[in-house]
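[1] fold the following.
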Amino acid sequence: LARLLDQLHPDRPLTRGYARVSARAGGTVTSRAAAAAAKALTLHFADGAIDARVEGAGKPAYSPPKGPQPSLFD
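    Numbers count the residues shown, from 1 in each chain. Purely as a prediction, here's the structure:
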C-alpha cells in the first residue's frame, strides 16, 4: 500500500523533470489564463521551489487557419 501511495503522490512527476505551478496566493495553476491572472507564481521542482512572475501575457498571436490537408491517397 505504501508503494502505491508513493506512486500516486502529486509530486512524483517532478522527479521526471516536470514542474508544478501554483499561484503564490494559493491554488494550482492549470492554464495560461490562470497564470496570467495570478501574476505571481511558485514553480515547484523535485529539488525545491522558486518564485516567478508573469510578464508579457498578452493575447496569443492569431494564426489564420490553414486550408484542408491533402489526402494521402490522391
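[2] and for Ala49, nearest residue in space, chain neighbours not counted?
    Thr42 (5.3 Å; C-beta to C-beta, 6 or more residues apart in numbering). (Each C-beta comes from the backbone N, C-alpha and C, glycine too.)
[3] that neighbour against Val21, yeah?
    Yes: using C-beta atoms under 8 Å, Thr42 makes contact with Val21 at a distance of 7.5 Å.
[4] ok now stretch 12-25, how far from the chain's centre?
    Chain-centre distance of stretch 12-25: 8 Å, with C-alpha atoms, centre = their mean, to the nearest Å.
[5] restrict that stretch to CA atoms and write it as CSV.
    Below are the C-alpha coordinates for stretch 12-25, written out as CSV (Å, rounded to 0.1, in the frame of the first residue of the first chain):
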residue,chain,number,x,y,z
ARG,A,12,6.1,12.1,-8.1
PRO,A,13,6.2,13.5,-11.7
LEU,A,14,8.6,16.2,-10.5
THR,A,15,11.3,13.6,-10.3
ARG,A,16,11.0,13.1,-14.1
GLY,A,17,11.6,16.7,-14.9
TYR,A,18,8.1,18.2,-14.7
ALA,A,19,7.2,21.2,-12.6
ARG,A,20,4.0,22.0,-10.6
VAL,A,21,2.9,25.6,-10.9
SER,A,22,0.9,27.3,-8.2
ALA,A,23,-0.2,30.9,-7.6
ARG,A,24,1.5,32.5,-4.6
ALA,A,25,-1.9,33.4,-3.3
